[in-house]
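J.: only geometry, no sequence info:
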């Protein structure tokens with residue numbers, strides 16, 4: 001006797017003429033299909049969009065590496081001809097009037113937009129905008145300022161994720177336009193190395209930082225007051241590592257099966273309950289309910 005493979009069929013078909021379509025069943029079927037499509041699109045979106053994980057690690061600093069710095073500051077009461085940037089650090093670097101990649105744009109009659117890009121060593125130090133590099137000092141000083149950007153390392157695009165909280169340019173938008181015109185303004189920054197690695201293993205290195213502010217009046221040689229705009233920095237040994245992750249394909253397929261199967265099962269139960277209740281109510285109206 002030959003084995004009949006059709007006996008293994010658990011999805012036995014019911015002849016169409018033995019089934020009964022209903023309006024309620026049609027409505028539930030349409031709602032069920034729309035719900036499945038919406039849920040599948042949402043799940044596909046979350047599967048395509050990578051999640052961002054973060055962790056803290058301790059990395060040894062390569063003493064030969066240097067950090068790029070971008071500075072963009074407006075000083076509405078200091079002329080460009082008097083301004084320069086000085087760079088100092090604990091390795092003995094001391095550059096007065098650094099001029100490479102420096103742009104000074106006059107704003108108004110007496111103001112200046114100061115922009116610069118330069119490299120610093122991975123040791124504590126400072127850079128400051130001052131009049132130290134000019135031969136003839138101005139008659140009046142006023143380092144009132146508005147900071148547009150102070151940032152370190154690579155630029156990381158703005159990422160909308162609940163796991164991604166960044167502070168790459170917290171001084172952006174900071175202004176100090178009042179106070180004594182002989183004040184020196186000082187920002188003390190604690191820099192935290194940050195790496196960002198995408199799904200293609202492309203790695204960016206940037207630096208977040210926190211800052212504190214103070215102002216003071218400093219005296220130079222001969223007791224003369226020479227104010228400046230100071231940015232002092234120190235590096236944190238802890239590195240924040242962000243990396244993109246994506247769930248495996250089998251996780252997505254399992255979720256799809258759960259959505260489709262669960263929706264059809266629940267919809268079938270609802271349709272069956274409504275149909276049974278309708279039949280009971282109809283029998284009750286006809287007096288056939290016993």
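T.: Nice, thanks for sending it over. Treat the numbers as computed from the prediction; the structure is a model and nothing was measured. Residues are numbered from 1 along each chain as shown.
J.: who touches the residue lying closest to residue 252 once chain neighbours are set aside in this structure?
T.: Spatially, and ignoring its direct neighbours in sequence, residue 252 is nearest to residue 47 (4.7 Å; CB to CB, 6 or more residues apart in numbering). Every residue, glycine included, has its C-beta placed from N, CA and C. The neighbours of residue 47, taking CB atoms under 8 Å, 6 or more residues apart in numbering as the test, are 246, 247, 252.
J.: Buried residues in the helix or strand harbouring residue 47, which are they?
T.: Under the criterion DSSP states H and E, the helix or strand holding residue 47 is helix 23-48. Residues of helix 23-48 classed as buried: 25, 28, 32, 36, 39, 47 (neighbour count, 16 or more other CB atoms under 10 Å).
J.: go on, stretch 124-134?
T.: Going by neighbour count (16+ other CB under 10 Å), the buried part of stretch 124-134 is 125, 126, 127, 128, 129, 130, 131, 132.
J.: The first one contacts residue 88, correct?
T.: The one in question is residue 125. Yes. With contacts counted by CB atoms under 8 Å, residue 125 reaches residue 88, the gap being 5.4 Å.
J.: any common contacting residues for those two?
T.: By CB under 8 Å, 6+ apart, no residue touches both residue 125 and residue 88.
J.: quick one on the thing from earlier: out of the buried residues of stretch 124-134, which is nearest to residue 56?
T.: Residue 56 lies nearest to residue 125 out of the buried residues of stretch 124-134, by CB to CB, at 24.4 Å.
J.: Tell me who's in contact with the closest residue to that closest one other than its chain neighbours.
T.: With CB to CB, 6+ apart as the measure, residue 89 is the residue that lies nearest to residue 125, at 2.8 Å, once sequence neighbours are left out. The contact partners of residue 89, by CB under 8 Å, 6+ apart, come to 120, 121, 123, 124, 125, 126.
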